[in-house]
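1. next one to model:
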Amino acid sequence: MIDLYYWPTPNGHKITLFLEEAGLDYRIVPVDIGKGDQFKPEFLALSPNNKMPAIVDHAPVDGGAPLSIFESGEILLYLAEKTGRFLSSDPRSKIATLEWLFWQMGGFGPMLGQNHHFSLYAPEKIPYAIKRYQEETKRLYGVLETRLEAHPFVSGEEYGIADMATYPWTRTWKEQGVDLESFPAIEAWRETIESRPATQRALAKAEVVKG
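-> As a prediction, the model looks like this:
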C-alpha cells in the first residue's frame with residue numbers, strides 16, 4: 001500500500017516507527033544518502049528538497065491516484081489522520097501534540113543535526129560551532145526533560161507522533177555530548193519507547209537496510 005523511500009537516519013526512523021505501530025503494509029525503497037541517491041531525478045520528483053524520507057501512498061484517503069508526500073513531519077501527520085491513530089481528536093490534546101511535533105521539526109532535529117555535523121563529520125573542527133550546537137542541544141534536552149517531567153509522553157498522556165518524531169534523535173546522545181543521567185525523565189521515556197515491540201521491529205528494519 002505504501003512505498004517508503006528510506007535510509008536509517010533519525011528522520012527515516014520516524015516513519016518506520018509509525019508504520020510498524022499502525023500495522024500498515026509498506027515496502028522500503030532504500031535511498032542511500034551516502035551514495036547520493038537523494039539527488040537522483042526519480043527521487044527529486046517525490047522530494048524536491050532532496051531529503052529523505054518520502055512516501056507514496058497507493059491507496060490515499062480520497063481514493064484517487066497514488067499520492068506522494070515529503071517532509072517527515074507531514075508524513076507523520078498524514079498517516080495519523082489517515083489511520084485515526086497517534087493523534088488525539090480532542091482539540092487541546094491535538095494542539096499539544098502538534099506543538100511538540102513542530103518543536104521537533106523546527107528545533108530539536110535541525111540543531112542536533114548541526115551538532116552531529118560539526119562534532120563528527122565536518123572536515124575542519126571549528127570549536128565555536130561545536131560549542132554552539134552542543135550547548136543548544138543540551139538546552140533543548142532541558143526543554144524536553146521539563147515536558148517529560150510533567151507528562152509520560154511528549155505528545156501528552158499517550159504515545160503519539162510527537163514521540164515518534166523526537167525519540168530517534170535521542171538515540172545518539174553520546175555522540176551529541178549529552179550526559180543522559182542528567183535527564184532522568186528522558187531516560188525513562190526512552191526506555192519505555194524502546195520496550196515497544198513496534199520500535200524493535202522498526203529498528204530491526206534499519207539493520208536490514210544497512211546490510
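2. could you use CA atoms for every contact and neighbour count after this?
-> Noted.
3. what ranges do the helices span in the protein?
-> Counting by DSSP state H, the chain has helices at residues 10-22, 41-44, 72-83, 91-103, 109-116, 127-150, 161-166, 184-194, 197-210.
4. can you list the helices and strands that the first one packs against?
-> Just to be clear, that refers to helix 10-22. Applying 3 or more Cα pairs under 8 Å, 6 or more residues apart in numbering; DSSP states H and E, we find helix 10-22 packed against helix 72-83, helix 161-166, helix 197-210.
5. tabulate these (JSON lines), appending distance to residue 99, mean pLDDT and mean neighbour count.
-> Shown next, in JSON lines, are those (distance: least, Cα to Cα, whole Å; pLDDT from 0 to 100; neighbours: other Cα atoms under 10 Å):
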{"stretch": "helix 72-83", "distance to residue 99": "12", "mean pLDDT": "98", "mean neighbour count": "18"}
{"stretch": "helix 161-166", "distance to residue 99": "8", "mean pLDDT": "98", "mean neighbour count": "26"}
{"stretch": "helix 197-210", "distance to residue 99": "23", "mean pLDDT": "94", "mean neighbour count": "15"}
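6. can you redo those as TSV with distance to residue 152?
-> Listed next are the helices and strands packed on helix 10-22 as TSV, based on distance: least, Cα to Cα, whole Å:
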stretch	distance to residue 152
helix 72-83	20
helix 161-166	10
helix 197-210	17
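7. among the helices of the chain, which is nearest residue 31?
-> helix 41-44 (8.4 Å; Cα to Cα).
8. any buried residues in that closest one, and which?
-> Buried residues in helix 41-44, counted by 16 or more other Cα atoms under 10 Å: 43-44.
9. residues making contact with it?
-> 37-38, 50 (Cα atoms under 8 Å, 6 or more residues apart in numbering).
10. let's see 10 Å
-> 5, 31, 37-38, 47-54 (Cα atoms under 10 Å, 6 or more residues apart in numbering).
11. quick one, what contacts residue 139?
-> Counted by Cα under 10 Å, 6+ apart, residue 139 has contacts 108, 133, 145.
12. list just the nearest of the residues you listed to residue 201.
-> residue 108 (24.4 Å).
13. which ones are touching the spatially closest residue to the closest one that is not a sequence neighbour?
-> Leaving aside its sequence neighbours, residue 108 sits nearest to residue 140 (Cα to Cα, 6 or more residues apart in numbering; 6.4 Å). With contacts defined as Cα under 10 Å, 6+ apart, residue 140 is in contact with 103-104, 107-109, 111-112, 134, 146.
14. which of these count as buried?
-> 103-104, 108-109, 111-112, 134.
15. could you check how far the residue found closest to residue 98 once you drop the neighbours it is linked to in the chain is from residue 113?
-> Once flanking residues are discounted, residue 98 sits nearest to residue 162: 7.1 Å by Cα to Cα, 6+ apart. Separation of residue 162 from residue 113 (Cα to Cα, to the nearest Å) stands at 18 Å.
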